[in-house]
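**Student:** Sequence and predicted model, in that order:
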Amino acid sequence: KIPDKVILRRCKVCGKIFVNDKSADTIDGALDIFLTENLNQSEIDDATYRVRGNTINITLALKMDNLEKTEKKASELKIKMITCKNCSLKAIGYYQAIMQIRAPDHKLKDIIDETEEQIKFANKRNDLAFISNANEINGGVDMYIGSKSVAKRIAMSLKDKFDAKIKISRKFGAIDRKSV
């Protein structure tokens, strides 16, 4: 059965569109996910839709045994604006790793640009691939990365590309509840 109303959630920060726990970059991608999850796939031979404003015109070609039927319906499209989990984490400064980049001034900009490009690329596969903060300090920059594994991969790539040295340290923070 075609639903009367389709509700999608769009992040007002990153623009991703969410259907349950899955996301898409476009309304069409989100509608594909919605229809796949909400319609009985075994009976559908073909499905098409067209979005016009706040209305989705859905056409289904159904096939059950030897019977064929076409079902059409105009459903209301509602898009709720939200802030997604990852954008919320980025906004509060969440990070799993700090990349401390130290380089001579003439190489520093190239290394920072390469790091940002790789973060942007990694974000397509890992939502925690983001820079939540960056602090310029004498001789370099500290970048706060949302994903430890992404930071490690980028560090290895920078090592190969710029003939850099990598030092990995694992520091754990603790709160002494007696002094708080």
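**Tutor:** Yep, that arrived. Numbers count the residues shown, from 1 in each chain.
**Student:** Which parts of the biggest helix by length in the chain count as buried, going by neighbours?
**Tutor:** The longest helix of the chain (DSSP state H) is helix 105-122. If you call a residue buried by 16 or more other CB atoms under 10 Å, then helix 105-122 has these buried ones: 108, 111, 112, 114, 115, 118, 119, 122. For the C-beta atoms, the positions are set from N, CA and C on the backbone; glycine is no exception.
**Student:** mind checking how far it is from the chain centre?
**Tutor:** 20 Å (CA atoms, centre = their mean, to the nearest Å).
**Student:** other SSEs contacting it?
**Tutor:** Helix 105-122 sits against strand 97-102, strand 140-145, helix 148-162, with contacts defined as 3 or more CB pairs under 8 Å, 6 or more residues apart in numbering; DSSP states H and E.
**Student:** Excluding chain neighbours, give the residue nearest to residue 87 in space.
**Tutor:** Leaving out its chain neighbours, the residue that sits closest to residue 87 by CB to CB, 6 or more residues apart in numbering is residue 13, at 3.9 Å.
**Student:** Help me confirm that residue 169 is found in a helix?
**Tutor:** No - residue state for residue 169 (DSSP: H, G, I helix; E, B strand; the rest coil) corresponds to coil; a helix is not indicated.
**Student:** highest average neighbour count across the helices and strands packed on helix 105-122?
**Tutor:** When these are scored by mean count of other CB atoms under 10 Å, the highest mean neighbour count falls to strand 140-145 (a mean of 19).
**Student:** buried stuff in stretch 19-28?
**Tutor:** 19, 23, 24, 27.
**Student:** how about the residues you listed in TSV, adding secondary structure, distance to residue 166 and pLDDT?
**Tutor:** What follows is the buried residues of stretch 19-28, written out as TSV (DSSP: H, G, I helix; E, B strand; the rest coil; distance: CB to CB, whole Å; pLDDT from 0 to 100):
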residue	secondary structure	distance to residue 166	pLDDT
19	strand	40	93
23	strand	32	91
24	strand	36	93
27	helix	42	93
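**Student:** for the record, mean pLDDT for stretch 51-68?
**Tutor:** For stretch 51-68, mean pLDDT is 87.
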